[in-house]
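K.L.:
below is the sequence, then the predicted model.
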Amino acid sequence: MKLFLDCEFTQLNRDTKLISLALVSEAGHEYYVELTDTYQVGDCSDFVIHNVLPLLDLAEHGKTLVEAQSSLLAFLSNLEGPLEVCSDAPDWDWDLFCQLAYVNHRWPANVVNRATNLILIFRHLQADDIGNITLPELPHHALLDARLLADLYRRLTAGSYRGTEHE
């Protein structure tokens, strides 16, 4: 089963810190968390301060890193594997996902230990497959973005694209 991953983080540099993370499965299962102890506002770029932080609801979704790790592992353990984590920005999102998924030197047994790059999958589509689909602008909210990626994947692969096997 594919899990569509999206993360929001402090800025585009090697010292970036995780702000929020979402997973949406092909079957519609959702996981979403906003971190409360991994960053400070001063770590964030102006873009993140103006476009990401205002969308957070820490009272509803906030967890410490340790709480987030525990809740993510519980979510993953309730899904049948193998689970394939897919991202439109794996160079950024995968390392942030691993910060939550790799706990006590253990990787979740039902999760494939590499990201699938959605951009590479989408590039294999023929023009006719995407002709009637308007690509949305992602709202910079991890859960909304992951939902959009899952929906886009479902819509595009429902056409004539045969490059990905459904599990």
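P.N.:
Noted; the coordinates are in hand.
K.L.:
pretty sure residue 94 contacts residue 100?
P.N.:
No: applying CB atoms under 8 Å, one finds residue 94 not in contact with residue 100, separated by 11.3 Å. C-beta: built from backbone N, CA, C; applies to glycine.
K.L.:
of the two, who's got more company?
P.N.:
Each of residue 94 and residue 100 has its neighbours counted (other CB atoms under 10 Å); residue 100 has more, 24 against 19.
K.L.:
quick one: mean pLDDT for the longest helix along the chain?
P.N.:
Looking across the chain with DSSP state H, the single longest helix is helix 142-157. In this model, helix 142-157 has a mean pLDDT of 91.
K.L.:
what does the pLDDT read for residue 161?
P.N.:
Reported pLDDT for residue 161: 42.
K.L.:
before we move on, what about residue 166?
P.N.:
Reported pLDDT for residue 166: 41.
K.L.:
also residue 95?
P.N.:
Confidence score, pLDDT, at residue 95: 95.
K.L.:
count the neighbours of it for me.
P.N.:
15.
K.L.:
sec struct for it, please.
P.N.:
Put simply, residue 95 is helix when judged by DSSP: H, G, I helix; E, B strand; the rest coil.
K.L.:
that one and residue 147, how far apart?
P.N.:
To residue 147, residue 95 is 22 Å away according to CB to CB, to the nearest Å.
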